[in-house]
Structure formats: C-alpha cells, structure tokens
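Peer 1: got a sequence here, can you build the structure:
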Amino acid sequence: MITCNTREGMDSEYDRKSELIAFDDSKAGVKGLVDAGVAKIPRMFIHPQHNLREKSVSTNAQLRIPIIDLEGVNSDAILRAKIIDKVRNACEIWGIFQIVNHGILKSVLEEMIKGIRRFNEQDTEVKKEFYTRDSSKKVKFVSNSDLFQAPAATWKDSFSCIIAPNPPDPTDMPAVCRDIIMEYSKQVKMLANTLFELVAEALGLNSNHLKDMECAEGLFLVSHYYPACPEPELTMGTKTHTDPTFLTVLLQDQVGGLQVLHEKQWVNVNPVPGALVINTGDLLQLVSNDMFRSAKHRVLANHKGPRVSVGSFFSPSSLPPSKLYGPIKELLSEENPPKYKETTARDYGTYHRAERHDGTSALHHFKL
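Peer 2: Residues are numbered from 1 along each chain as shown. Next up is the predicted model:
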C-alpha cells in the first residue's frame, strides 16, 4: 500500500517494475546513483514505516558483544579450555562474538578491505563485466540479489565468489582484488578449521566432529559496499536476517552499522581494529538442537560511507546434494529430544531464500 512508505506525495501511477528494470539495466549499482549525485533515494529503496520504526538501539551499556582472545588456543590447554567456555557462552546467549589474535595479519585484513573498495570504485564499464544475476556464475557483481522479489531494495552493492570446494579460475577474478581474495580466503579457511574445533568442543563433542560432518567444506565469500546514503532514515543497508549456513566469519571496516538483535533490543556490533566477527548460522542451531542460537542481524544505512564488509560463509559442499543434517545424536536424550527434522543444506538454503524478505528465520519450517 502507498501509505506504508514515508515519503509524502507518492504517485499512484508509480511503476515499480520499470524502476527496478532501469536500475538493474544500468549495471552501475547503488554507487552509480551516488556518483550521479542523487539527493533523494529512489522510491524502490524506501522501506515500510514499521520496519524503519524498529531502528532504535539499546542504551544499556552492559549489553556488549563478547570479544574473545584466541591467543594460545592451539598451544596452551588451559587457555584453550577457557576459550571454549567463552565460545560456548557466546553461542548460547548471543549467537555472535568478535575474535582477536586470530592469526590473520592486520595487513591482510586491511588489504582485503582495500581490494573490495578498489573493485567497487574502479571504472563502471570495467565493473559491469562482472554484473550478473546468473546463479551458476562463481564470480559475480550485483546490487540486491533479491531485487525483483523483495518489497524494498537495500542501499548496497555486492561482489561474491564461490571459493570452496571448487575455487574459480583466477583469470575469472577481477584483477584489482584477485590476489588478496585468494590470500585472504586461504587464511580464513585455516582460521575456520580452528573455529569449528572450538565450537564442536563447546558442544561437548570431539574437536573434529563438525569437520567430519563436512560442515565447513563449502566457502562462499560475499563482500558488500555500502555507499554514503543521502536519506538513511528511509532505507536499510541490509535487512534483518539470519545466516542459513553453519558459521560466518565477517571482516568489517571501521564505519559501523552492523547490529544484532539480543533480548528484543538492537545492539551495535562496534568495529574493533584487527578483530573479526563470528556468528552462528541456522544450520548450527539446527544440528545443536537449539543449544546454540542463530542471531538476527542487520546493517543500517548511513550518511557516512562507504562501508565495506567481507563475509565468509561456511557450509557443506553442495555435493552430494542428498546429505542430510539433523540434530546431532550425541547431544540428544530423553530430556532433550530432537526439535528439528533432517534436511539437506541445499533444501534449507532454498527455503531460507523464499522466507528471508520479512526477516523470519526458516528454522520454524523444520521444527518437529
């Protein structure tokens, strides 16, 4: 309904589909609008009032995202046990935490952010070569992957690539960020090896249990570029959602804007220099039988920008597509019966994409 939007004087003859097609055909993304000097955001980006009213943030200074120091995690058994306790607490209560001393050099993190900026800020005609909505492409640039399905667009452009199990041909990657993407991906996979061990041990399982389940065989890298927005109060950077994977490792710059929903309050995930944000996904909540939670999160649009983030999403390989995931049997008992039915990662992802427009987790569909 027209009344659900916040800008007055909406034209009853507004042709949304034409606006979407024109935007998509430009292949210039949101940055193209900013470069053109827009002072007001196009109507396709305006979100319903009830979503925008939920932008209030907790003022409780006690609500802070846990920060876990991984120093000594692989060399000191006593320190490792303490770290596992902190991981367990963070996954049970928050579903998100930050890590420091994680082994990836600060110079690599900084160069990864710079590489994504270089890609987005290069000549538009070069960038257009990667613009596609073809889901079979391993490397692609697009603005709003759900542009034609979502009720409102978000203020960001995205570059993504499938890294594992079958990485793209390096010559198919953009020259301006090819080397750093491959180097960062190699290091983040090594870090994920440690993280999956810690999460397994935090569940009371053997350290290799989740890896043996092939939970980390697939790696999908997604970077977002959020240009400065002239009317951030009318739109979002990323809508409220949960991740449909097992674990996400997020690199963010220092601009800020990421928030997590905790105890019905939005809490800022403030950038910490050199830190990485870790959040548990829906599939981890499913196999842990709700021991660990998948947190809802979002990114606000901002007058400041650009904001750059790089998410590394770890999930099973798409092959074999028939492999089932359900509550881990070692975690079940008469007092703790299974809460979810088994599903394949592919089926879960498909249902998640169909459900994601209102921020609702797809987990409820798989409840027993």
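
Peer 1: which strand or helix spans the residue nearest to the spatial centre of the chain?
Peer 2: Nearest residue to the geometric centre of the chain (Cα atoms, centre = their mean): Gly311, 5.4 Å. Taking DSSP states H and E as the definition, Gly311 sits inside strand 307-315.

Peer 1: partner strands of that strand and their direction?
Peer 2: Applying DSSP bridges to the sheet, strand 307-315 is found paired with strand 218-226 (antiparallel), strand 247-252 (antiparallel).

Peer 1: now do the helix or strand just after the longest one: distance to the chain's middle.
Peer 2: Elements were assigned by DSSP H and E; along the chain past strand 218-226, the next helix or strand is strand 236-241. Taking the mean of its C-alpha atoms, strand 236-241 sits 10 Å from the chain's own mean (Cα atoms, centre = their mean, to the nearest Å).

Peer 1: report the angle between strand 236-241 and strand 307-315.
Peer 2: Angle, strand 236-241 to strand 307-315, by axes from the mean of the first three to the mean of the last three Cα atoms, to 10 degrees: 30 degrees.

Peer 1: quick one: buried residues of strand 236-241?
Peer 2: Across strand 236-241, burial judged by 16 or more other Cβ atoms under 10 Å covers 236-241. C-beta here means a position set from N, CA and C on the backbone, and glycine is covered the same way.

Peer 1: and it, what does it pack onto?
Peer 2: helix 49-52, strand 218-226, strand 297-300 (3 or more Cβ pairs under 8 Å, 6 or more residues apart in numbering; DSSP states H and E).

Peer 1: what about 7 Å?
Peer 2: strand 297-300 (3 or more Cβ pairs under 7 Å, 6 or more residues apart in numbering; DSSP states H and E).

Peer 1: now the element after the helix or strand bottoming out on mean pLDDT in the chain, going C-ward?
Peer 2: Within the chain, no helix or strand scores below helix 49-52, which has a mean of 66 by mean pLDDT, DSSP states H and E. Once helix 49-52 ends, the next helix or strand along the chain (criterion: DSSP H and E) is strand 67-69.

Peer 1: ok, and the nearest residue to Pro244 once chain neighbours are set aside, which helix or strand is that part of?
Peer 2: In this structure, Pro244 finds its nearest non-sequential neighbour in His352, 3.9 Å apart by Cβ to Cβ, 6 or more residues apart in numbering. Take DSSP H and E as the rule and His352 turns out to sit in helix 345-355.

Peer 1: state the mean pLDDT of that helix.
Peer 2: Average pLDDT, helix 345-355: 84.

Peer 1: what of stretch 168-175?
Peer 2: Stretch 168-175 shows a mean pLDDT of 95.

Peer 1: contacting residues around Gly349?
Peer 2: Applying Cβ atoms under 7 Å, 6 or more residues apart in numbering to Gly349 gives the contacts Pro244.

Peer 1: and it, how far from Phe313?
Peer 2: Separation of Gly349 from Phe313 (Cβ to Cβ, to the nearest Å) stands at 10 Å.

Peer 1: go on, Gly281?
Peer 2: Taking Cβ to Cβ as the measure, Gly281 falls 8 Å from Phe313.

Peer 1: who's more crowded, these two?
Peer 2: Legend: neighbour count by other Cβ atoms under 10 Å for Gly281 and Phe313, higher for Gly281 (24 against 20).

Peer 1: now name the helix or strand holding the nearest residue to Gly103 once chain neighbours are set aside.
Peer 2: Leaving aside its sequence neighbours, Gly103 sits nearest to Leu191 (Cβ to Cβ, 6+ apart; 6.1 Å). Here Leu191, judged by DSSP H and E, is contained in helix 178-202.

Peer 1: now the helix or strand following that helix: mean pLDDT?
Peer 2: Remark: after helix 178-202, the chain's next helix or strand is helix 209-212, criterion DSSP H and E. Helix 209-212 comes out with an average pLDDT of 97.

Peer 1: mind exporting the C-alpha coordinates of helix 209-212 to CSV?
Peer 2: C-alpha atoms of helix 209-212 as CSV (Å, rounded to 0.1, in the frame of the first residue of the first chain):
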residue,chain,number,x,y,z
HIS,A,209,33.0,-33.8,14.9
LEU,A,210,31.7,-30.9,12.9
LYS,A,211,34.5,-31.1,10.4
ASP,A,212,33.8,-34.8,9.9
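
Peer 1: can you give me the buried ones in that helix?
Peer 2: Buried, per 16+ other Cβ under 10 Å, within helix 209-212: 209-211.

Peer 1: cool, stretch 240-254 as well?
Peer 2: For stretch 240-254, burial by neighbour count (16+ other Cβ under 10 Å) applies to 240-253.

Peer 1: can those residues go into a markdown table with extra columns for distance to Arg117?
Peer 2: As requested, the buried residues of stretch 240-254 are exported to a markdown table (distance: Cβ to Cβ, whole Å):
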| residue | distance to Arg117 |
| --- | --- |
| Thr240 | 26 |
| His241 | 24 |
| Thr242 | 27 |
| Asp243 | 24 |
| Pro244 | 27 |
| Thr245 | 25 |
| Phe246 | 29 |
| Leu247 | 26 |
| Thr248 | 21 |
| Val249 | 19 |
| Leu250 | 16 |
| Leu251 | 13 |
| Gln252 | 13 |
| Asp253 | 9 |
